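1. With the sequence up front, the predicted model follows.
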Amino acid sequence: MVCGGFVCTKNALSALNVVYVMVGLLLIGVAAWGKWFGLVSSISVVAGVIGVGAFLLLVAFVGLCGALKHQQVLLFFYMVILFIVFVLQFSISCACLALNTDQQNKLLEVGWNKSEVTKKDVEKTLNCCGFSSVVYNSSCPAQCYTTPQTCDPCSSILQKYASEVLRFVGSIGLLFSFTEILGVWLTHKYRNLKDPRSNPGAFL
């Protein structure tokens, strides 16, 4: 049987969803590991990563069940959800790659002011105090704050990594989004193929 037939398309779609299951489990595992070892103390960050991993697992299981059983309803909903995720992820990835320095600074400042827990984590990890300037009458968990004159504001340090992180995240997201559009194409093709093991005259 040539690749492109029923069995080959079924196997390719199943393999793609197995990859999604592994990625989902990896996201959940990394978030739990980071929280357990105290690398990330922000509950919202951990919950967000675990939520993304759980959603990916759910979508992958729907696609896997639909592929194995050639179930039209599951395949249809899987195809629609995957296309919506593709559009969102492609847009966000392009935005990450297109941000200039000023936009990155504004985004960093919004994130800095949004969560006190994340702020303390950044100050402790990067050994800096304050965002744009060091505030000497505030509590700062950074080691350098024992002699505040040696502390640097966090914005200058964050900016060094922001471009690289956004470029990395945008590139990975863009690459992953193409696997999603591949999944949409495979699902559409698979839905319109006849199962050779069933009645040859029946269209599934």
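-> Right, received. Where do you want to start? Numbers count the residues shown, from 1 in each chain.
2. Please make it C-alpha for all contacts and neighbour counts, starting now.
-> Noted.
3. how about low-confidence regions in the chain?
-> Across the chain, the ranges flagged by pLDDT under 70 are 1-4, 37-42, 45, 136-138, 148-149, 197-204.
4. In it, spot the helix with the most residues.
-> With DSSP state H applied, the helix covering the greatest number of residues in the chain is identified as helix 154-191.
5. buried sites along that helix?
-> 154-155, 158, 162-163, 166-167, 169-171, 173-174, 176-177, 180-184, 186-187, 190-191 (16 or more other Cα atoms under 10 Å).
6. Give me the three-state assignment for residue 128.
-> In the three-state summary, residue 128 is assigned as coil, counting by DSSP: H, G, I helix; E, B strand; the rest coil.
7. Might you report the residue contacts of it?
-> Taking Cα atoms under 8 Å, 6 or more residues apart in numbering as the contact definition, residue 128 lies against 122, 142, 144, 145, 151, 152, 153, 154.
8. The second one touches residue 130, doesn't it?
-> No. Taking contact to mean Cα atoms under 8 Å, the distance of 10.2 Å between residue 142 and residue 130 leaves them out of contact.
9. how near is the residue nearest to the spatial centre of the chain to residue 143?
-> Nearest to the mean C-alpha position of the chain, by Cα atoms, centre = their mean, lies residue 52 at 6.6 Å. Distance of residue 52 to residue 143, given as Cα to Cα, to the nearest Å: 34 Å.
10. Also residue 5?
-> Residue 5 sits at a distance of 62 Å from residue 143 (criterion: Cα to Cα).
11. Over to residue 166?
-> 27 Å.
12. tell me the helices in this structure, going along the chain?
-> Going by DSSP H, the chain shows helices at 6-36, 43-69, 72-98, 101-114, 116-126, 154-191.
13. can you list those in CSV and add distance to residue 134?
-> Listed next are the helices of the chain as CSV, based on distance: least, Cα to Cα, whole Å:
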stretch, distance to residue 134
helix 6-36, 28
helix 43-69, 25
helix 72-98, 28
helix 101-114, 14
helix 116-126, 11
helix 154-191, 9
